[in-house]
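J.: Provided below for reference: sequence and predicted model.
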Amino acid sequence: MRKVLVIDLDGTLFSVNTFHFWIKFLILNAFKQFNILLFIKIIFSCSLRLFRLISHSKMKFLILNATKNLSTIDNYKFVKSILQFTNDLSKFIEDDSYEIKILATAAPMSYASIVSDIYNFSSCIATENPIDKLSWKENLKEVKKDNVLLYLNQFNINKIDVLITDHFDDLPLMQHSLNTILVAPTSSTIAYLKKEAIPFTIF
């Protein structure tokens, strides 16, 4: 059976939350291009979240919806600006014994796919731009697990050989992984995995 490697993005492949950096990039980009409408939409969405009037997921939806048809956003430039925050996971990424390598993340597909291409992943499973409010889902937790398993199903695979992540949000994926490797986990993540009896190692 083909070996499968799944790696998370934020806090794992990259040491930072890339979505937060992307928001800053979008705001600066809108300001430089005098795109006042986009500037207001992003600031408004972030303000609603800051005052806990909407969830993080709702904020992400609003921002993705505001940017999905804009050709003026250079996501290649954005990715280039955050490559400095890459954690060295080359030991795993360059291991040819893994025939399927998946970058699985809640980050937007618009730039996650670029990161995936740079590091030669087989596939990128990320949060898509919304088509409508009802069908859109953030690629997180159970949704992320379902999307990864759906992708693997085409190869008649239902298990992950190695999952690399930093957060207990990926517990649903851990339950389908033979090995879980944590990158810079918090004490709360370690405590949670021990409570759930999930075996892991720390990279």
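T.: That came in fine, so what should we check first? Bear in mind the structure is a predicted one, so any value in this text is a computation, not a measurement.
J.: how about the nearest residue to residue 188 once chain neighbours are set aside, what does it touch?
T.: Leaving aside its sequence neighbours, residue 188 sits nearest to residue 168 (Cβ to Cβ, 6 or more residues apart in numbering; 7.5 Å). For glycine as for every other residue, the C-beta is placed from the backbone atoms N, C-alpha and C. Counting by Cβ atoms under 8 Å, 6 or more residues apart in numbering, residue 168 makes contact with 188-189, 192-193.
J.: Just the buried residues of those.
T.: By neighbour count, with 16 or more other Cβ atoms under 10 Å, these hold 189, 192-193 as buried.
J.: Residue 106 reaches residue 142, doesn't it?
T.: No: counting by Cβ atoms under 8 Å, residue 106 stays clear of residue 142, with 11.9 Å between them.
J.: Pick out whichever of these two has more residues nearby.
T.: Between residue 106 and residue 142, residue 106 has the larger neighbour count (other Cβ atoms under 10 Å), namely 26 against 11.
J.: Mind giving me the packing neighbours of the helix or strand that that one is a member of?
T.: Using DSSP states H and E, residue 106 sits in strand 100-108. Packing contacts for strand 100-108, counted by 3 or more Cβ pairs under 8 Å, 6 or more residues apart in numbering; DSSP states H and E, involve strand 4-7, helix 18-32, helix 109-118, strand 123-127, helix 141-153.
J.: and with 10 Å instead?
T.: Where contact means 3 or more Cβ pairs under 10 Å, 6 or more residues apart in numbering; DSSP states H and E, strand 100-108 is packed against strand 4-7, helix 18-32, helix 56-67, helix 90-93, helix 109-118, strand 123-127, helix 141-153, strand 160-165.
J.: as a whole number, average confidence for stretch 25-32?
T.: The average pLDDT within stretch 25-32 is 96.
J.: swap in stretch 143-155?
T.: 97.
J.: Give me the domain ranges for this protein.
T.: Split into domains by automatic domain parsing, the chain comes to 4-15+86-202, 18-81.
J.: Could you say which of these is packed most deeply?
T.: domain 4-15+86-202 (a mean of 17; mean count of other Cβ atoms under 10 Å).
J.: For residue 44, see how far away the most centrally placed residue in the chain is.
T.: Centre of the chain computed as the mean C-alpha position; nearest residue by Cα atoms, centre = their mean is residue 105, 2.3 Å away. Counting by Cβ to Cβ, to the nearest Å, the gap from residue 105 to residue 44 is 25 Å.
J.: and what of residue 117?
T.: 32 Å.
J.: For the residue of the chain positioned farthest from its centre, pull up the helix or strand it's in.
T.: Centroid-distance maximum for the chain: residue 34 at 29.2 Å, with Cα atoms, centre = their mean. According to DSSP H and E, residue 34 maps onto no helix or strand at all.
J.: what does residue 49 give?
T.: helix 36-50.
J.: distance between that helix and the chain's centre?
T.: 22 Å (Cα atoms, centre = their mean, to the nearest Å).
J.: just for the chain, where's the confidence low?
T.: The model of the chain has no residue with pLDDT under 70.
J.: and the helix holding residue 49 with helix 18-32, angle?
T.: Between the axis of helix 36-50 and that of helix 18-32 there is an angle of 150 degrees, by axes from the mean of the first three to the mean of the last three Cα atoms, to 10 degrees.
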